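1. quick check, what structure comes out for this input:
(one chain, ligands or ions: 1)
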Amino acid sequence: MPMYEFRCSRCNRRMQDLFKVDECPKLIECPCGGLADRVVSLIANTASQWGDSHGYYDRGLGTYVENAQHRERVMKKRGLVSLQDYDKNYVEDRLQKRQDVFDQHERDVRDYKQYRALGRSKGEAMAEVYNAERLTEDGLME
Ligand SMILES: [Zn+2]
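-> Residues are numbered from 1 along each chain as shown. This next block holds a predicted model:
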């Protein structure tokens, strides 16, 4: 039975488990309450008894594959991502989220200043914007 690895997109915890190939879920629940995606990290090549031209046994996938292209097709068919790709997506996702927070903050500052310019009190202006904590940190509010 092949070993499958899961990675939580919320806390980044890695978990391993054994499943029959047909029964392996694509997602499992993480102890943190998030969801862990199934990833393939083992690129352990065991040459088949017929030699390299006939492929190798991929322990991560738990099956024989002919070459890298074939491995990609098998992974795609099973809805798997390689750990390398997963990490890349994860990092990009995190960067995007940080950008989103930054953009939101820019809007909050702009909105807050507009409400103040319209004669609203600090408390009223604060109540109108998304994240009052950040404005306080920036010294825009007491
Ligand atoms: Zn988690």
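
2. what parts of this protein come near the ion?
-> Proximity of the chain to the ion, by C-beta under 5 Å from the ion, involves residues Cys8, Arg10, Cys11, Arg13, Cys30, Cys32, Gly34. In short, each C-beta sits where N, CA and C put it, glycine included.

3. restricted to buried residues, select those in PyMOL.
-> Command for PyMOL, covering only those of the residues of the chain next to the ion found buried under the criterion 16 or more other C-beta atoms under 10 Å:
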select buried, resi 8+30
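
4. where in this structure is pLDDT low?
-> Low-confidence segments of the chain, defined by pLDDT under 70, are located at 1-3, 18-22, 41-54, 130-135, 137-138, 140-142.

5. now do the SS call for the residue in the chain sticking out farthest from the centre.
-> No residue in the chain has its C-alpha farther from the mean C-alpha position than Gly119, which lies at 43.8 Å (C-alpha atoms, centre = their mean). Per DSSP: H, G, I helix; E, B strand; the rest coil, the secondary structure class of Gly119 is coil.

6. just to check, Met75 is in contact with Gln84?
-> No - using C-beta atoms under 8 Å, Met75 is not in contact with Gln84, being 11.6 Å away.

7. and the next element down the chain from whichever strand or helix holds Lys113?
-> Under the criterion DSSP states H and E, the helix or strand holding Lys113 is helix 83-117. Taking DSSP H and E as the definition, the helix or strand that follows helix 83-117 towards the C-terminus is helix 122-128.

8. go through stretch 71-85 and flag the buried ones.
-> The neighbour-count criterion (16+ other C-beta under 10 Å) identifies Arg71, Val74, Met75, Leu80, Val81, Ser82, Leu83 as the buried residues of stretch 71-85.

9. could these go into CSV alongside secondary structure and distance to Asp93?
-> What follows is the buried residues of stretch 71-85, written out as CSV (DSSP: H, G, I helix; E, B strand; the rest coil; distance: C-beta to C-beta, whole Å):
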residue, secondary structure, distance to Asp93
Arg71, helix, 24
Val74, helix, 25
Met75, helix, 20
Leu80, coil, 18
Val81, strand, 13
Ser82, strand, 16
Leu83, helix, 15
